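1. for reference, the sequence and a predicted model appear below.
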Amino acid sequence: MRKLLWILVLIYGNGYAQQSDQVRLMEDQADVEDVKEVEEDLIQLQGFLLRPLNLNRADQEDLAVFPFLTPFHIEQLIRYRKLAGDLVHVLEMQAIPGWDPGLVRKLIPYATVQPELTFRNTVQDNIRKGSHLLLFRSSLSSQAGFLARYHFTSPKLQWGLNTEKDAGEKYLQAGKGLAFVSGHAGLRNMGAIRQLVVGDFIVNMGQGLMLWQGRAVRKTAMPMAIKRQLPFLLPYKSNDENRFMRGVGIHLARKRLDLGFFLSANRLDANRKVDTATGAAFVSSFLNTGYHRTEDELADKNVLGHIASGGMLGYRSGSFRVAANVIHHRFSLPVVRAGELYNMYAAKGRDITNYGIQYHNTWRNIHLFGECSVDGQGDLAGLQGVMVSADPRVDFSLVARKMSRGYRSFQGNAFTESSDPSNEEGIYMGFSYRIRPMLTLDAYADHYRFPWLRYRVDAPGWGRDHLVQLSYRPDKKTLVYIRYRAERKSGAAVLERMKTITEYQKTGGRLHVEFRPTLEWEWRIRAEFTSILSSGSEREHGFLTSTDFFWSPIDKPFSLNGRIMVFDTKSYDSRIYSFENDVLYYNIVPAFYGWGARSYLNAQYKISHNWHLYLKISRSFNGMPARWTTRFQFVFHI
């Protein structure tokens, strides 16, 4: 009996283990940029735990939501179904070429091969067999924020409503309405309708040169996770107040053709100013924090009207796909940038237009993908990627990109060093080698340059970034990996009251150990260091160590996990990011700097089959009086 329980645990795992790849993507990306909100991704993955994806009916877009599936994995599954027919059991995934046991274990909790509900069933059947999510989240403080959410999902129907306020905000804001409300309703997989959404939704085009509002990672310790591959249109389920469309969108698919278009009218936060000479209003910058706590922050809320329209026309044949994209943005006020030299090529005026072509194809063991785009001023941007499965144990990846200094898009998000796909040239090379079934070497090198000036850098720049990670998994209960990362790039400095260009060097290392000594316990131990050096300043060092535990009693309605952490860095420049587990769907990757300690405890209690209570208690100490915070969450899911 105990052996059987071990098998179930190793196959299905727990909520933390099932999201391990998502955790790695979030934590690694935090070193190079602010982590984009991924709550909607966690909601979707959790939804597949309750209603698994039918592998016999899933296509490329369905499978693209899993961050650990590369285009090779997806293509091999589709080819296997064509040659051998439908899978008869989820464990048959082990017979798919290129699918190793580790990958199969990751996907099993989210997958099934059972017959799927079709729209020949009535709408009543869709509603009866759908799933409902009701969630409330808040904390115990006088300035607490809160979130209330309801979602319904079935094979053909979906709708939802979110409302929230951040800590320190008022829910009813004078002259601005409610802090934040978002909703959607739609159909999917109904005849030619791949997706139809009325309300709030996100749009993803190509490789992010023109527009990408969904999950989009850059350089991480997963060197094959380089391609943008989410669907063109998705309902919006998260709480970022500026990263979505509001209107109507539709994606149609018929035989070999794809057609999608959308129309959105929304309002954005921006820094509104008035020209003292003419009295004309304009905006100098866009604001994306979503915070409206002070009078100044409230004054910037929803001041800019934004109308967006666009479409996609695609053709596909087997693994080959090509599509033409177009999008036009119109703002209610002109964008006028500060008169700094680095803003010479910045987006200005009231209109931004982009046209582009995207493509991908798999030939034998080579997968090609890319996008070319031109903006309304005639400036160009291009990105070309390739993945090669050279051997069952060896994979290569490469991304070459070139964006002219004048190219501009709005809410673009490509595989680049900068957060904005503009003014950059570079080449990225990744490598993954499974030396033994228990030993894997992952590495990448990225060399890039910036042809024009950037914010706070008054000269063209350059950079080199390298990472090597060796992972050792001697058995299903133990994982050890060691990582080293080195980065050198140009930047700005002030020497003897004069601005100058200097070179920054940053190195970092990590040792991570996790093991499950018993059926109910798991332990994770980590030690991490960082070192920063720039011309004219002393070298800075940083160190962080943490211990995590997870306790999931098999015969109890509750589970616990916690952490004890100590960190010491000289300043914010030598900060270290560390992922934190939190209540369901809510995870953070805070930066730790200075000297201090942090501890937290998460608890989950199953009140009934449908009702779950989540609680997090944390304490931070960094030279000032210790701070306690408490967050709780109720979830009703059927």
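-> Sure, I can see it. Numbering: from 1, shown residues only.
2. where does the residue nearest the centre of the chain land in three-state SS?
-> Averaging the C-alpha coordinates of the chain gives a centre point, and the residue nearest to it by C-alpha atoms, centre = their mean is residue 215 (3.5 Å). State at residue 215, reduced to three classes by DSSP: H, G, I helix; E, B strand; the rest coil: coil.
3. pLDDT weak spots in the protein?
-> Counting by pLDDT under 70, the chain shows low-confidence ranges at 1-42, 115-123, 142, 492-500, 535-536, 624-626.
4. re the thing from before, pretty sure the residue nearest to the centre of the chain contacts residue 67?
-> Yes - counting by C-beta atoms under 8 Å, residue 215 does reach residue 67; the two are 7.4 Å apart. Backbone N, C-alpha and C define where each C-beta goes, glycine included.
5. what helix or strand is residue 387 on?
-> Residue 387 is part of strand 380-391 when elements are defined by DSSP states H and E.
6. shouldn't residue 227 be in contact with residue 387?
-> Yes - at 7.5 Å, residue 227 counts as touching residue 387 under the criterion of C-beta under 8 Å.
7. who has more neighbours, these two?
-> Ranked by neighbour count (other C-beta atoms under 10 Å), residue 227 and residue 387 place residue 387 first, with 23 against 19.
8. so the nearest residue to the more buried one once chain neighbours are set aside is in which element?
-> Nearest residue to residue 387, sequence neighbours excluded (C-beta to C-beta, 6 or more residues apart in numbering): residue 367, at 4.4 Å. Element membership for residue 367, per DSSP H and E: strand 366-375.
9. report the distance from that strand to the chain centre.
-> Relative to its parent chain, strand 366-375 has a centroid offset of 21 Å by C-alpha atoms, centre = their mean, to the nearest Å.
10. the closest residue to residue 92 other than its chain neighbours and residue 100, how far apart?
-> Leaving aside its sequence neighbours, residue 92 sits nearest to residue 113 (C-beta to C-beta, 6+ apart; 7.7 Å). Distance of residue 113 to residue 100, given as C-beta to C-beta, to the nearest Å: 19 Å.
11. more neighbours: the two, which one.
-> residue 113 (19 against 14).
12. verify the stated contact: that one with residue 93.
-> No - the criterion here is C-beta under 8 Å, and residue 113 misses it with residue 93 at 9.3 Å.
13. overlap of the contact sets of these two?
-> 55, 87 (C-beta atoms under 8 Å, 6 or more residues apart in numbering).
14. tell me the helix or strand right after the strand holding residue 387.
-> strand 394-403.
15. show the secondary-structure elements that whatever helix or strand residue 483 lives in is packed against.
-> According to DSSP H and E, residue 483 maps onto strand 478-495. Packing partners of strand 478-495 (3 or more C-beta pairs under 8 Å, 6 or more residues apart in numbering; DSSP states H and E): strand 461-475, strand 498-515.
16. what lines up beside the longest one in the sheet?
-> Meaning strand 498-515. strand 478-495 (antiparallel), strand 521-534 (antiparallel) (DSSP bridges).
17. can you check the shortest one too?
-> Strands adjacent to strand 461-475 in the sheet, as given by DSSP bridges, are strand 439-450 (antiparallel), strand 478-495 (antiparallel).
18. okay, these, which one's buried deepest?
-> Most buried of the strands paired with strand 461-475, by mean neighbour count (mean count of other C-beta atoms under 10 Å): strand 439-450, with a mean of 18.
19. which outside residues touch it?
-> 219, 221-223, 397, 416-418, 423-435, 457, 460-473.
20. next one: stretch 148-160
-> Contacts for stretch 148-160 (C-beta under 8 Å, 6+ apart): 43, 47, 51, 116-119, 123, 126-127, 129-136, 161-164, 183-190, 235, 237.
21. repeat the analysis, applying 6 Å as the threshold.
-> With contacts defined as C-beta atoms under 6 Å, 6 or more residues apart in numbering, stretch 148-160 is touched by 117, 119, 126, 130-136, 161-163, 184-186, 190.
22. show me what counts as buried in it.
-> The neighbour-count check on stretch 148-160 (16 or more other C-beta atoms under 10 Å) flags 149-160 as buried.
23. first-to-last residue distance for that stretch?
-> From its first residue to its last, stretch 148-160 covers 11 Å (C-alpha to C-alpha, to the nearest Å).
24. next one: stretch 532-550
-> 34 Å.
25. and the longest helix seen in the chain, what other elements does it pack with?
-> Using DSSP state H, we find that the single longest helix of the chain is helix 71-84. Applying 3 or more C-beta pairs under 6 Å, 6 or more residues apart in numbering; DSSP states H and E, we find helix 71-84 packed against no helix or strand.
26. buried residues in that helix, which are they?
-> Quick answer for helix 71-84 (16+ other C-beta under 10 Å): 71-78, 80-81.
27. ok so, going back, the strand holding residue 367 pairs with which strands, parallel or anti?
-> Partners of strand 366-375 in its sheet, by DSSP bridges: strand 349-363 (antiparallel), strand 380-391 (antiparallel).
28. ranges for the helices of the stretch 51-200 of the chain?
-> 60-63, 71-84, 101-107, 123-128 (DSSP state H, counting those that start in this stretch).
29. picking that back up, between the strands paired with strand 366-375, which one is closest to residue 311.
-> Closest approach to residue 311 among these (C-beta to C-beta): strand 349-363, 11.0 Å.
30. with adjacent residues omitted, what lies nearest to residue 348?
-> That would be residue 335: by C-beta to C-beta, 6+ apart, it lies 5.6 Å from residue 348.
31. burial measure for the one you found, as a count.
-> Residue 335 has 20 nearby residues by other C-beta under 10 Å.
32. report the beta-bridge partners for it.
-> residue 283, residue 349.
33. now residue 531
-> residue 507, residue 541.
34. next, count neighbours for it.
-> Residue 531 has 16 nearby residues by other C-beta under 10 Å.
35. thought it was touching residue 506?
-> No - in this structure, residue 531 is not within contact of residue 506 by C-beta atoms under 6 Å, at 7.1 Å.
36. strands along the stretch 151-300 of the chain, start to end?
-> Remark: strands assigned in the stretch 151-300 of the chain by DSSP state E, counting those that start in this stretch are 157-165, 172-173, 177-178, 181-190, 193-203, 233-235, 245-254, 257-268, 270-274, 281-286.
37. quick one: which of the ones you listed is nearest residue 323?
-> strand 257-268 (6.5 Å).
38. count the residues that sit near the residue nearest to residue 600 when sequence neighbours are not counted.
-> Distances taken as C-beta to C-beta, 6+ apart put residue 618 closest to residue 600, at 3.6 Å, once the chain neighbours are dropped. As a burial measure, residue 618 scores 18 neighbours (other C-beta under 10 Å).
39. beta-bridge partners for residue 618, please?
-> Note on residue 618: beta-bridge partners by DSSP bridges are residue 600, residue 629.
40. that one is in contact with residue 629, isn't it?
-> Yes - contact status for residue 618 versus residue 629: in contact at 5.1 Å, counting by C-beta under 6 Å.
41. residues in contact with stretch 362-379?
-> Here stretch 362-379 has contacts from 71, 75, 206-207, 209-210, 227, 319, 353-358, 360-361, 380-389, 404, 406-408, using C-beta under 6 Å, 6+ apart.
42. what distance do you get for residue 180 to residue 482?
-> For residue 180, the distance to residue 482 - C-beta to C-beta - is 42 Å.
43. could you do residue 422 as well?
-> To residue 482, residue 422 is 36 Å away according to C-beta to C-beta.
44. ok, residue 575 next?
-> With distances taken as C-beta to C-beta, residue 575 is found 21 Å from residue 482.
45. could you do residue 232 as well?
-> For residue 232, the distance to residue 482 - C-beta to C-beta - is 40 Å.
46. same question for residue 439.
-> Distance, residue 439 to residue 482, using C-beta to C-beta: 12 Å.
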